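1. Build the 3D model from these lines:
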Amino acid sequence: QVLPSEDPLDKADFNPIDYINTLFPTEQSLVNIDDVVGKMRLKIRKLDDEIRTVVRGQTNVGEEGREALEDAQRAIQELFSKIKEIKDKAEKSEEMVKEITRDIKQLDHAKKNLTSSITTLNHLHMLVGGVDSLTSLTRRRQYAEVANLLQGVLNVLDHFDKYMSISQIKQLADRVKQIQSELGSQIQGDFEEAFQGAGAKYGPSNQKQLAEACFVVDVLEPKVKKDLLSWFVKLQLAEYLVLFGENQDVAWLDKIDRRYAWIKRTLVDFEEKFGHLFPPSWEVSERICVEFCAITRRELSNIMGKRSHEIDVKLLLFAIQRTTNFEALIAKRFTGVTLNEAMANRKVTKSPPPPAESTNPFEESTNPFENDADGETVPVNDEAKLDEKQAGSPFTGIISKCFEQHLNIYIDSQDRNLSELVSRFLDDIRQHGTPRMETEESSNVLPSCADLFVFYKKCMVQCSQLSTGQPMIDLTRTFQKYLRDYANRVLLGNLPKASSQSSGISSASGLIQSILKEGEVTKFTEEEQCRICSILCTAEYCMETSQQLEEKLKEKVDPDLAGQIDLNSEQDTFHNVISNCIQLLVQDLETACEPALTAMSKMSWSSIEAVGDQSGYVTAVTSHLKQNLPIIRDNLASSRKFFTQFCLKFANSFIPKFINHLFKCKNISTVALSRLLLLDTHSLKTVLLDLPSLGSQVIRKAPASFTKIVVKGMTKAEMILKVVMSPNEPPQGFVDSYIRLLSDSDINEFQKVLEMKGLRRSEQSNILEIYRARIPVSMALGGHSDMSHSGNVSQSSLSTPEPESSRIRKLEKLIKKRL
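-> Here you go, the predicted model:
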């Protein structure tokens, strides 16, 4: 890197053989070997000369290095000497500066001490003079000067805290405390002399003096102000205790208005006569009102406890209404700063703002008034309608809290009202049937459920105004009781019972018609079907609204009690009503189809000589479905998801029954099998796939889950017919074909297929043994769920190999060729 060279001889990985081969690549080049050797020797001589020159040049290097080192050492010694000289000079300069500033520092300390002494002496002079002046002013009751001077004396006295060990200072401090105590007693006496007793001297002569005394009280200890205000407030309310004592007629709840009218007049008189006497920061009017509320709450609690048997719900709600109105009034008038911190910080839960109008009764209405059970107009002071100041006011419940222990009267009254309401619902249904709600959103919902939840909302709002504690939990239990009662008595109790009448199914052939007329089938009338659908929609509405009711109750109740509110069991009850309704509709539809399926199994399939048109039983089933599905779909228009559930349950029930009746068909000819496979089964499959939109002008695509169930179930039926239709083949080949087409089948179905083929018992036994050897033990024991027994087409039992659809098409072509 230092001396770069392109000469191959200078490379670290020099290889002499490669170098020689480079010089003499061929035999002909060896002719010049002498020239090459000469050049190499010349180069060697040049290198020797260069090496000698370099070696001779390094002969004197050691001596020159030693001389340079000695010069450096001498320079370092000189540098250290100069540094030492500078350091000595710096120390001498520092000593000189200290000598110069020593006198200045002494003068600074003297100035500081002298200033402190003068300041302290001035403070002492002010303190001594202030104490003397306070004594004189106190004696002459010159409270305006006392207020200003006392505050200054207290501020000066703070500077002497570190000198309290000096006896003279301690005496002055004790004297100031004594003056404060004398002032407090003197001012208290002045107020008592001015306001108390028959010889009260309050008037223009002493108004100014008492107002100035209040400024002195502000400077004194807080206890003096507290005692003075407590005495004055009790003095103002002394008349109230006499007028509204327990033995007075006006003390009872029916005259509770008079209590609040009295305090309003008292506060107005106070503001006119004494409002200017006290500083605004004292909030004397609010203190009087707060004490009035405390006395009223205590007195009402006592009198209601002694006369609880005289309280009815109307009287209780009247008293609560008047009380809450008064609390709202004082919440607007006062700030609540005089209340204790716990009440001032009491948490009030606010409801969220109401969304757009809806039939849901738990969305806030714009009407601020509602009627109670007795027709009384009750203002709905819901916290969502209060402004932020009033909703968070500490005056909320300051008196009405006393009614909480008697709210069981209100709860019991609502219990009776709900019982009468449910009984009225039942009477209306018996007299007028099942009317529907006249709204677009819930076109098939019983109006009684909306009435029920509107009543619930009114009760919840009223109770939340009265208490957010245990009474709300008791009210919730009452709600739960009548939700269950409504579900069982009004909804389940009014589901139609099965009635016997003619099936009304028309058939396309005389044979089918004669078979269908052999018996009567149970079928609901159109009105009964509509009633079932109406009850289903009502149960859905109740289930959803119950969840919203639970959320609202949790918002209204105290947070620590919210966990006790749970309406899940009631929602499950309404879900059970929905399941019963769907099951009734499914049973009605499939029962009406039963004669047609029975006709299919009783037909003489061996006598059919031509494929022709589809069988009469298919026409009968299709006609019945087209007749009933539009009614059910239209009545469940607001509950599409449950209409879909109805279709799914019907498919899960009808397809196994159809397969079960297929197994009952015996001695089926090849032509009959062709009709069953190509026409009947395919027609039923098409009708079932169109079941959700059957008879509708608006064609909607069926849900994927429903389509999957129908395709798998009917494909299994087609596979069974294909196995029965297959030509005779060796037992082993027949079993292989059966397992390939119906891999999820079991021994029971296999035996039924053998019976459909018309095999003799001996032949069946041989094939059954082969089949048992080929399938798992659990299936051989009948462990696999049979569709005819389970009544449910599960996904596993309907699984079909993907290529089977192509096999069916091939089979159809083969049959057509034979025909």
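2. When you work out contacts or count neighbours from here on, use the C-alpha atoms and nothing else.
-> Noted.
3. Which of the three states applies to the residue nearest the centre of the chain?
-> The structure's the chain has its C-alpha centroid closest to Glu551; by Cα atoms, centre = their mean the separation is 8.9 Å. Under the three-state scheme (DSSP: H, G, I helix; E, B strand; the rest coil), Glu551 adopts helix.
4. Could you check how far it is from Ala539?
-> Per Cα to Cα, to the nearest Å, Glu551 is found 19 Å from Ala539.
5. same question, Ser81
-> Here Ser81 is placed at a distance of 109 Å from Ala539 (Cα to Cα).
6. Show me which of the two is the more surrounded one.
-> Counting neighbours by other Cα atoms under 10 Å for Ser81 and for Ala539 shows that Ala539 has the greater number, 28 against 10.
7. counting contacts, what elements does the top helix by length along the chain pack onto?
-> Counting residues, the longest helix found in the chain (DSSP state H) is helix 61-140. Under the contact criterion of 3 or more Cα pairs under 8 Å, 6 or more residues apart in numbering; DSSP states H and E, helix 61-140 touches helix 143-158, helix 167-195.
8. low-confidence ranges in the stretch 551-700 of the chain?
-> Applying pLDDT under 70 to the stretch 551-700 of the chain flags residues 609-613, 677-678.
9. Val290: which element?
-> Applying DSSP states H and E as the criterion places Val290 in helix 284-306.
10. quick one: contacts of that helix?
-> Contact partners of helix 284-306, identified using Cα atoms under 8 Å, 6 or more residues apart in numbering, comprise 229, 233, 236-237, 245-246, 252, 263, 267, 270-271, 278, 311, 334, 336, 338-339, 398-403.
11. same check, this time on stretch 480-492
-> 418-419, 422, 425-426, 535, 539, 567, 570, 573-574, 577.
12. Let me have these in JSON lines, extended by secondary structure and distance to Asn206.
-> Shown next, in JSON lines, are those (DSSP: H, G, I helix; E, B strand; the rest coil; distance: Cα to Cα, whole Å):
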{"residue": "Leu418", "secondary structure": "helix", "distance to Asn206": "65"}
{"residue": "Ser419", "secondary structure": "helix", "distance to Asn206": "67"}
{"residue": "Val422", "secondary structure": "helix", "distance to Asn206": "71"}
{"residue": "Phe425", "secondary structure": "helix", "distance to Asn206": "73"}
{"residue": "Leu426", "secondary structure": "helix", "distance to Asn206": "76"}
{"residue": "Ile535", "secondary structure": "helix", "distance to Asn206": "81"}
{"residue": "Ala539", "secondary structure": "helix", "distance to Asn206": "77"}
{"residue": "Leu567", "secondary structure": "coil", "distance to Asn206": "68"}
{"residue": "Glu570", "secondary structure": "helix", "distance to Asn206": "72"}
{"residue": "Thr573", "secondary structure": "helix", "distance to Asn206": "77"}
{"residue": "Phe574", "secondary structure": "helix", "distance to Asn206": "76"}
{"residue": "Val577", "secondary structure": "helix", "distance to Asn206": "81"}
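13. Would you map the helices across the stretch 451-600 of the chain?
-> 470-485, 510-516, 526-556, 568-602 (DSSP state H, counting those that start in this stretch).
14. With distance to Pro25 added, can I get those in JSON lines?
-> Output for these, formatted as JSON lines (distance: least, Cα to Cα, whole Å):
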{"stretch": "helix 470-485", "distance to Pro25": "111"}
{"stretch": "helix 510-516", "distance to Pro25": "112"}
{"stretch": "helix 526-556", "distance to Pro25": "101"}
{"stretch": "helix 568-602", "distance to Pro25": "101"}
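15. before we move on, the earlier item: please narrow the contacts of helix 284-306 to those residing in helices.
-> Mapping the contacts of helix 284-306 onto helices (DSSP H) picks out 229, 233, 236-237, 263, 267, 270-271.
16. Packing partners of the helix or strand containing Phe326?
-> Under the criterion of DSSP H and E, Phe326 resides in helix 313-333. Applying 3+ Cα pairs under 8 Å, 6+ apart, one finds that helix 313-333 contacts helix 256-274, helix 388-391, helix 407-432.
17. returning to that earlier point: could you dump the contacts of stretch 480-492 to JSON lines with distance to Leu42?
-> Output for these, formatted as JSON lines (distance: Cα to Cα, whole Å):
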{"residue": "Leu418", "distance to Leu42": "130"}
{"residue": "Ser419", "distance to Leu42": "132"}
{"residue": "Val422", "distance to Leu42": "131"}
{"residue": "Phe425", "distance to Leu42": "132"}
{"residue": "Leu426", "distance to Leu42": "133"}
{"residue": "Ile535", "distance to Leu42": "122"}
{"residue": "Ala539", "distance to Leu42": "118"}
{"residue": "Leu567", "distance to Leu42": "113"}
{"residue": "Glu570", "distance to Leu42": "116"}
{"residue": "Thr573", "distance to Leu42": "117"}
{"residue": "Phe574", "distance to Leu42": "117"}
{"residue": "Val577", "distance to Leu42": "119"}
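18. Let me know the closest of those to Thr26.
-> Leu567 (106.9 Å; Cα to Cα).
19. Leaving out the residues flanking it, which one is nearest to the closest one?
-> Spatial nearest neighbour of Leu567, excluding adjacent residues (Cα to Cα, 6 or more residues apart in numbering): Glu550 at 6.2 Å.
20. three-state assignment of Tyr738?
-> State at Tyr738, reduced to three classes by three-state DSSP: helix.
21. right, and it touches Val724 too?
-> No: with contact defined as Cα atoms under 8 Å, Tyr738 and Val724 do not form a contacting pair (9.5 Å).
22. Show the pLDDT at Glu370.
-> Looking at Glu370, its pLDDT stands at 40.
23. whoops, I mixed them up, Cys542
-> Note on Cys542: pLDDT of 91.
24. For Ser799, give me the pLDDT.
-> For Ser799, pLDDT reads 37.
25. Surely Ser745 is in a helix?
-> No: counting by three-state DSSP, Ser745 is not part of a helix but coil.
26. That one - how many residues pack around it?
-> 22.
27. Over to it: give its phi and psi.
-> Backbone torsions of Ser745, given as degrees, to the nearest 10, read phi -80, psi 180.
28. dump the residue contacts of Phe706.
-> Going by Cα under 8 Å, 6+ apart, Phe706 touches 644, 647-648, 651, 689.
29. Pipe those residues into TSV and attach neighbour count per row.
-> What follows is those, written out as TSV (neighbours: other Cα atoms under 10 Å):
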residue	neighbour count
Thr644	19
Cys647	24
Leu648	22
Ala651	26
Leu689	22
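30. Out of the residues you listed, list just those in helices.
-> Per DSSP H, the contacts of Phe706 map to helices at 644, 647-648, 651, 689.
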